[in-house]
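Undergrad: Provided below are the primary sequence and the corresponding predicted coordinates.
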Amino acid sequence: MLTVGADGEDVERRLAGGGLACPPCGGVLARWGRARERLVRGRDGGVSRLRPRRARCRGCGRTHVLLPVTCLARRADETGVIGTALEAKAAGAGTGRSRRRWAGLTRRCGAGCRAFAARAEQVRSAFTALAAGLVADPPLPAPAGSALGDAVAAVAAAAAVVCGLPGVGSVARWHLAAAVTSGMLLAPSWPGTSANASWPWAGGV
Ligand SMILES: [Zn+2]
């Protein structure tokens, strides 16, 4: 699997122009049909249908599903919805109506939130290293008071660094998290050997 930007037309253009590389071998990816349809649940609970593009490497022949950064592997909720739930959980989530709203969201994303919390220190460490690899002296977030809070803050800090790179502009922090983890942000296998060096905003493109 390979993570791509949320703009489907841009992905098609890049594929047509040979602008997407195979992660294992660096070969040029070409269109290869579409993957199985999946349902994606938005912030308001509404469900949309998505059939991710599939691509095949002209070098090694492997096929890859091109998953937009708006989705995470094996999760029905949009990346941004899961990110908001994680932030609410980390913040201990408000009072009154907002508390009930956040409680509903964190319940909905329960398994994802638990998976993230279980590896919070590894996530913090990986995103801190990402920021340090991009600029000489990245700003360090203040301690949040919990491992989950520190991990959420490290994702935000890395996204702030990426947004400041030449030519990048604005990148949603959880979309960045989806991109650098190849959609595996909540999977037990990440961080591991699957670092995605070709995420959409790498190198300021
Ligand atoms: Zn290849």
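TA: Received, thanks. Please read these numbers as outputs of a predicted model, since none were measured by experiment.

Undergrad: Is the residue nearest the centre of the chain within a helix or a strand, and which one?
TA: Centroid-nearest residue in the chain: Ala178, 0.8 Å away (criterion: Cα atoms, centre = their mean). Taking DSSP states H and E as the definition, one finds Ala178 inside helix 173-180.

Undergrad: What's the separation between Leu39 and Arg75?
TA: 11 Å (Cβ to Cβ, to the nearest Å). C-beta: built from backbone N, CA, C; applies to glycine.

Undergrad: Between those two, which has more neighbouring residues?
TA: Legend: neighbour count by other Cβ atoms under 10 Å for Leu39 and Arg75, higher for Arg75 (22 against 9).

Undergrad: Going by neighbour count, which residues of stretch 177-192 are buried?
TA: 177-187, 190-191 (16 or more other Cβ atoms under 10 Å).

Undergrad: With distance to the ion and pLDDT as extra columns, can I get these in CSV?
TA: Listed next are the buried residues of stretch 177-192 as CSV, based on distance: Cβ to the ion, whole Å; pLDDT from 0 to 100:
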residue, distance to the ion, pLDDT
Ala177, 25, 95
Ala178, 22, 94
Ala179, 19, 92
Val180, 20, 89
Thr181, 20, 90
Ser182, 15, 88
Gly183, 18, 92
Met184, 19, 91
Leu185, 24, 93
Leu186, 26, 92
Ala187, 22, 88
Trp190, 21, 82
Pro191, 22, 77
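
Undergrad: Would you mind naming what in the protein lies close to the ion?
TA: Residues of the chain lying close to the ion by Cβ under 5 Å from the ion are 22, 25, 27, 57, 59-60.

Undergrad: Out of these, name the ones that lie in helices.
TA: In helices, judged by DSSP state H, none of the residues of the chain next to the ion are found.

Undergrad: Pretty sure Ala55 sits in a helix.
TA: No. Counting by DSSP: H, G, I helix; E, B strand; the rest coil, Ala55 is not found in a helix; it is strand.

Undergrad: List the residues that contact it.
TA: Counting by Cβ atoms under 8 Å, 6 or more residues apart in numbering, Ala55 touches 2, 15, 20, 29-32, 63-64, 66.

Undergrad: Out of those residues, name the ones that lie in strands.
TA: When the contacts of Ala55 are checked against strands (DSSP state E), the matches are 2, 29-32, 63-64, 66.

Undergrad: Most neighbours among these, please name it.
TA: Counting by other Cβ under 10 Å, Leu29 has the largest number of neighbours within those, with 26 neighbours.
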